[in-house]
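# output the structure for:
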Amino acid sequence: MIVEIVGQRLVAPAAASSSIWKLWIRRGALAIADQGLMSGSNFLLSILLARWLAPEGYGAYALAFSIFFFLSSVHQALLLEPMSVLATSKFSDCRRQYAGAVIWLHAAFSAFAALAFVAAAWIVAIAGNRNLASALLGLAVGAPGILFFWLARVACYVETAPEKAVRGAALYSALILGGAWGLAHQSRISPASAFVLMGVAGSIVALALLSKLRPALGDARSLLRQAVSSHWNYGRWALGSSLVTWVPGNIFYSIVGGFVGIGGAGSFRALMNLIYPVTHSASALSLLFQPRLSALASTSGPRATARLVAHIGALYAGGGLLWLAFAAFETQRLWRILYHDKFQDASHLLIWMLAGCVFQVAAYGPAIGLRALQAPRLVFYAYSISATACIAAGIPATRIWGLAGAVGAYSGALLLGCFAALFLYSRRVRQAPEEARAATAEIRSLVAEAR
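Numbers count the residues shown, from 1 in each chain. Take a look at the predicted model:
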């Protein structure tokens, strides 16, 4: 009997551990499937637009999208990133009301975004660039729906429901690809119509997802002030991080467009298309990891996150290296399949672009750790180094060496950002015991004074 009890005690933890691993493998697979559908559909849409549009039109699409990502980085910093951290900690007891409050904040932000794109289109039209002006007007209509869909996906991961996100991504993919195909056959495809299509599809899917999560919109008003305060306290540093994170992947469209021409911006976009399978997969898993790591940090302390952060970083870097190795052997075949005879001046730079991608996703691990420790200020510092290097080196390098200089500056800047994120996270974890001892000493001093 004793042997059986001991045996049960020995077996039970192993069985529980196996069940936990299976659960997280399933969730991870769903998260990758979700992002695979998202990145795959956006990647395919980008490739189709590269085939259907003239180089100038595709360059306008790429430049407008980079401007959209600049504005969306504000949305990410002030709404989505705080939501992924605070929903499982500060607002864990009132998630439905909190989700409703975030939707109200999104509505206000959407109105601001639409006005900003209309104003930008007006300015660009006066300058004489009608292609870009038309694309920006399309974003004025489509951006609120795209951002609404992103918010709904984060809400699914906060509720640990990646299967809902997968179904939403499948519907979104079908809508944008089917819609783009229909527009192309009617000769109505353009950067503007593509952005409007994405916004309509995003709105439909977001409403479907949120109807199942049932956010409490009516009861959310009592939380609005607290939500605004909490999001700003966390998000002001995350906002800086998002803005400087935008720089490496997007500023080069403007730099290359200025020194090489709008067709050069299209070539840079053609290269960037091939890093998205890696970065989007890493972002998908980050949506899954961030709420759980935040909960772990709040219950077990900073040191408890170190092992998981190391595994996350190694997983991301390993995936990036595998994709780089595949692309190194199949560059010309990939290029022919995707672009036929277009953008041939850029194909030999693909390996250098993917090298930068490896450093980029490796930095996601310590960045997730810093966010879980509610230290977005340090994430901002790490990415500021990368952004500064992009601008400081990217402008002269592109002016001297053209597209090759832009790619080299891009990859070098991401390497610096990776080292900075690792250093700052390691230092933050090492400082945790000292901060805990200082806090304990302060409490004891206060107690002694009270006596």
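# past the lowest-mean-pLDDT helix or strand in the chain, which element shows up next along the chain?
In the chain, the helix or strand scored least confidently by mean pLDDT, DSSP states H and E is helix 2-52, which has a mean of 65. The helix or strand immediately downstream of helix 2-52 is helix 55-75, counting by DSSP states H and E.
# show me where pLDDT drops low in the stretch 101-250 of the chain?
For the stretch 101-250 of the chain, the stretches flagged by pLDDT under 70 are 219-220.
# what ranges does it have for its strands?
Taking DSSP state E, counting those that start in this stretch to define them, one finds no strands in the stretch 101-250 of the chain.
# how far away is Arg153 from Ala161?
Note on Arg153: its distance to Ala161, by CB to CB, to the nearest Å, is 10 Å. C-betas here are computed from N, CA, C, even on glycine.
# now the element after the one helix or strand Gly369 maps to, going C-ward?
For Gly369, the host element (DSSP H and E) is helix 364-372. Remark: after helix 364-372, the chain's next helix or strand is helix 376-401, criterion DSSP H and E.
# now do that following helix and helix 364-372, the angle between them.
Helix 376-401 runs at 140 degrees relative to helix 364-372, counting by axes from the mean of the first three to the mean of the last three CA atoms, to 10 degrees.
# what about the spatially most central residue of the chain, distance to Gly240?
Centroid-nearest residue in the chain, with CA atoms, centre = their mean: Ser283, separated by 5.3 Å. Distance from Ser283 to Gly240, counting by CB to CB: 19 Å.
# ok, now Ser41?
For Ser41, the distance to Gly240 equals 31 Å [CB to CB].
# what's near enough to touch Ala310?
Gly365 (CB atoms under 8 Å, 6 or more residues apart in numbering).
# roughly how far is whichever helix or strand it is part of from the heart of the chain?
Per DSSP H and E, Ala310 falls inside helix 306-339. Centroid separation between helix 306-339 and its chain, computed with CA atoms, centre = their mean, to the nearest Å, is 17 Å.
# so which bits of it are buried?
306, 308-309, 312-313, 315-317, 319-321, 323-324, 327, 331, 335, 338-339 (16 or more other CB atoms under 10 Å).
# go on, stretch 63-74?
So, applying 16+ other CB under 10 Å, buried residues of stretch 63-74: 63-69, 71-74.
# for stretch 50-61, same thing?
If you call a residue buried by 16+ other CB under 10 Å, then stretch 50-61 has these buried ones: 50, 52-53, 55-61.
# do stretch 109-128 as well
In terms of neighbour count (16+ other CB under 10 Å), stretch 109-128 has its buried residues at 109-110, 113-114, 116-117, 120-121, 124.
# now swap in stretch 222-236 and tell me
The neighbour-count check on stretch 222-236 (16+ other CB under 10 Å) flags 223, 227-228, 230-231, 234-235 as buried.
# now swap in stretch 292-310 and tell me
292-294, 296-298, 302, 305-306, 308-309.
# dump those residues to TSV, plus distance to Val361 and pLDDT.
What follows is the buried residues of stretch 292-310, written out as TSV (distance: CB to CB, whole Å; pLDDT from 0 to 100):
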residue	distance to Val361	pLDDT
Arg292	19	79
Leu293	16	86
Ser294	20	80
Leu296	21	84
Ala297	21	86
Ser298	26	78
Pro302	23	88
Thr305	18	90
Ala306	19	91
Leu308	16	90
Val309	14	93
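# ok, those vs Leu378, which is closest?
Nearest to Leu378 among those is Pro302, at 11.9 Å by CB to CB.
# and the gap between that closest one and Tyr253?
Pro302 sits 38 Å away from Tyr253, going by CB to CB.
# what of Ala165?
29 Å.
# which of the two has more neighbours?
Ala165 (28 against 25; other CB atoms under 10 Å).
# still on that earlier bit, relative to helix 364-372, how tilted is the helix holding Ala310?
Using the same axes, to 10 degrees: helix 306-339 against helix 364-372 is 130 degrees.
# tell me which helix or strand comes right after helix 306-339.
helix 350-362.
# show residues contacting stretch 401-416.
248-249, 252, 255-256, 259-260, 264, 267-268, 271, 345-346, 349, 352-353, 355-357, 359-360, 363, 385-387, 389-390, 393-394, 396-399.
# contacting residues around stretch 267-275?
Contact with stretch 267-275 is made by 43, 46-47, 50, 58-59, 61-62, 249, 252-253, 256, 260, 327, 334, 338-339, 342-343, 345-346, 349-350, 353-354, 356-357, 360, 403, 406-407, as judged by CB under 8 Å, 6+ apart.
# now the buried members of these.
Neighbour counting over the contacts of stretch 267-275 (16+ other CB under 10 Å) leaves 43, 46, 50, 58-59, 61-62, 249, 252-253, 256, 260, 327, 338-339, 342-343, 346, 349-350, 353-354, 356-357, 360, 403, 406-407 as the buried ones.
# with the buried residues of stretch 50-61 in mind, which one is nearest to Leu183?
Nearest to Leu183 among the buried residues of stretch 50-61, with distances taken as CB to CB, is Trp52, at 9.2 Å.
# my read is that the closest one contacts Ile189, right?
Yes - if you go by CB atoms under 8 Å, Trp52 and Ile189 touch, sitting 5.4 Å apart.
# which residues do the two both contact?
What both Trp52 and Ile189 touch, as defined by CB under 8 Å, 6+ apart, is an empty set.
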